[in-house]
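In: sequence and predicted model, in that order:
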Amino acid sequence: MLQIRELTRSFGGLRAVDGVSLDIEEGQINGSGKNTLINLVAGQLHPDLGTIHFDGQDITQAPPDAINRLGLARGYQDPALFFQMSVLDNTLLPARNQLGESPWHAPWTARWCAQERHNAHRNANLLQQFQLRGHVERRAAELSGGQMKLLDIGRSVSGEPRMLLLDEPTAGVAPKLAREIFGHISILNQEAGLTFLIVEHRLDILFDFVDQVFVLHMGKVLASGRPQDIVDDKRVREVYFGL
């Protein structure tokens, strides 16, 4: 589904991503270790060298909105919510093909109100999955940090992506909630067939949920494979665990 070849990105004299190549299969949960990589795939940054293909299409230099329309969405380490809007309204923003956004339909409420009701009902059910159904009318700013993380993922999912990029979805939350967040990710993967590429440094949690891990060190892929393969890899143990 996602093919990355010889991807390189430098900031001044620092090569944050240095010749990275990897393949993401559809239907997998994949863990990686570099948020610059997420930004390159999502189109927030463009590489100095290399290529990115999503579902066979070259997205190397594509802008974020074009990438999103292809079905590749992202979440953020610090939830990028509209904090003065309600929880429900946040999830309604990514809905595709909204008639009310068209200047040809917006002036006539009857043309789009049924679609708006349908989206609201669907997203309320989605929020139920994330244990946020009771907060639909609250402002996003009133949620706890963990709830904001869940809302950020839920909002991304409401745009019906095929693949979701997540940047440290459990950063700053308690271990119990961190496992619950990955539990939601696992359900989305199993029941909706959603593919994930996740940057996460809490390896003790990540390894319990992912199918494949890519370990990046000094901008390069140090190792890749199943979680147990990574745990047993001598180079990874030396670099990350000092063993």
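Out: Looks like it arrived, so ask away.
In: longest helix of the chain?
Out: helix 109-129 (DSSP state H).
In: following that one, which helix or strand comes up?
Out: Next helix or strand after helix 109-129 toward the C-terminus (DSSP states H and E): helix 145-158.
In: residue boundaries of the helices in the protein?
Out: 35-42, 64-69, 87-92, 109-129, 145-158, 175-192, 203-206, 227-232, 234-241.
In: lowest mean pLDDT across the ones you listed, which one is that?
Out: Of all the helices of the chain, mean pLDDT reaches its minimum on helix 234-241 (a mean of 84).
In: in that one, what counts as buried?
Out: Within helix 234-241, the residues scored as buried using 16 or more other CB atoms under 10 Å are 236, 240. For the C-beta atoms, the positions are set from N, CA and C on the backbone; glycine is no exception.
In: how far does it sit from its chain's centre?
Out: Mean C-alpha position of helix 234-241 versus that of the full chain (CA atoms, centre = their mean, to the nearest Å) differs by 27 Å.
In: before we move on, what about stretch 179-196?
Out: 11 Å.
In: my guess is Val87 meets Arg133, correct?
Out: No: judged on CB atoms under 8 Å, Val87 makes no contact with Arg133 at a distance of 9.3 Å.
In: neighbour-wise, which of those two wins?
Out: Val87 (28 against 14; other CB atoms under 10 Å).
In: test my guess that Asp164 contacts Gly75.
Out: Quick fix: residue 164 is Leu, not Asp. Yes: using CB under 8 Å, Leu164 makes contact with Gly75 at a distance of 6.8 Å.
In: picking that back up, quick one: list the elements packing against the longest helix of the chain.
Out: In terms of contacts (3 or more CB pairs under 8 Å, 6 or more residues apart in numbering; DSSP states H and E), helix 109-129 is packed against helix 87-92, helix 145-158.
In: that one vs helix 175-192, what angle?
Out: 120 degrees (axes from the mean of the first three to the mean of the last three CA atoms, to 10 degrees).
In: can I get the CA coordinates of helix 109-129 in PDB?
Out: Only the C-alpha atoms of helix 109-129 are listed here, as PDB (Å, rounded to 0.1, in the frame of the first residue of the first chain):
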ATOM      1  CA  THR A 109     -30.500  24.100   3.200                       C
ATOM      2  CA  ALA A 110     -32.800  21.500   1.900                       C
ATOM      3  CA  ARG A 111     -30.100  20.200  -0.500                       C
ATOM      4  CA  TRP A 112     -27.600  19.300   2.300                       C
ATOM      5  CA  CYS A 113     -29.400  19.100   5.700                       C
ATOM      6  CA  ALA A 114     -30.200  15.300   5.200                       C
ATOM      7  CA  GLN A 115     -26.600  14.600   4.500                       C
ATOM      8  CA  GLU A 116     -25.500  16.700   7.500                       C
ATOM      9  CA  ARG A 117     -27.900  14.700   9.800                       C
ATOM     10  CA  HIS A 118     -26.600  11.400   8.400                       C
ATOM     11  CA  ASN A 119     -23.000  12.500   9.100                       C
ATOM     12  CA  ALA A 120     -23.800  13.700  12.600                       C
ATOM     13  CA  HIS A 121     -25.500  10.400  13.400                       C
ATOM     14  CA  ARG A 122     -22.700   8.300  11.900                       C
ATOM     15  CA  ASN A 123     -20.000  10.300  13.800                       C
ATOM     16  CA  ALA A 124     -21.900  10.100  17.100                       C
ATOM     17  CA  ASN A 125     -21.700   6.300  16.800                       C
ATOM     18  CA  LEU A 126     -18.000   6.700  15.900                       C
ATOM     19  CA  LEU A 127     -17.500   8.700  19.100                       C
ATOM     20  CA  GLN A 128     -19.200   5.900  21.000                       C
ATOM     21  CA  GLN A 129     -16.400   3.600  20.000                       C
END
